[in-house]
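**Student:** Whatever this is, show me its structure:
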Amino acid sequence: VSGGEDEIQQLQKALLDYLDENTEIDASLVFSRKFYVAQWFRDTTMETEKAIKSQKDEDSSEGTHHAKDVETTGQIMHRAESRKKFLRSIIKTAPSQFTTLKMNSDTVDYEDACLIVRYLASMRPFAQSFDIYLTQ
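**Tutor:** Prediction:
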């Protein structure tokens, strides 16, 4: 996985597929699935707000508003909306229908799900700044 938006969404979908498939075995996975969707939605909102705020701070410090900054703000908003649209489609899909929308025919096993969770967790801001906290 190269870390692009499409790859992350595929990993998120694969993890949600795994959770949905195993809800009959462990009912707590229903709540885990809802938690992940809510957390990813919240992360998207927070990242967007942070990026827009940092761009506004840069604009006010420069004193002029460049077309390039407007373009990057538009890109940030477009990317955030596409993520939110993906998550909304998952929220609106009933769990029984969710399994019919799988991208891959092969299923994710427990070890793969653990690996996906670790990778997605490593992309979170706290995990990326953990070395800084540890050094301090």
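**Student:** Please identify the buried residues of stretch 113-128?
**Tutor:** By 16 or more other Cβ atoms under 10 Å, the buried positions in stretch 113-128 come out as 113, 116, 120. Using the backbone N, CA and C atoms, a C-beta is placed for each residue, glycine as well.
**Student:** All the helices of the chain, in order from the start?
**Tutor:** Using DSSP state H, the helices assigned to the chain run over residues 5-21, 28-62, 67-92, 95-98, 110-122, 125-128, 130-135.
**Student:** Just put these in JSON lines and tack on mean pLDDT.
**Tutor:** As requested, these are exported to JSON lines (pLDDT from 0 to 100):
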{"stretch": "helix 5-21", "mean pLDDT": "85"}
{"stretch": "helix 28-62", "mean pLDDT": "84"}
{"stretch": "helix 67-92", "mean pLDDT": "78"}
{"stretch": "helix 95-98", "mean pLDDT": "51"}
{"stretch": "helix 110-122", "mean pLDDT": "86"}
{"stretch": "helix 125-128", "mean pLDDT": "68"}
{"stretch": "helix 130-135", "mean pLDDT": "74"}
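**Student:** Just name the most buried of those helices.
**Tutor:** When the helices of the chain are scored by mean count of other Cβ atoms under 10 Å, the highest mean neighbour count falls to helix 5-21 (a mean of 18).
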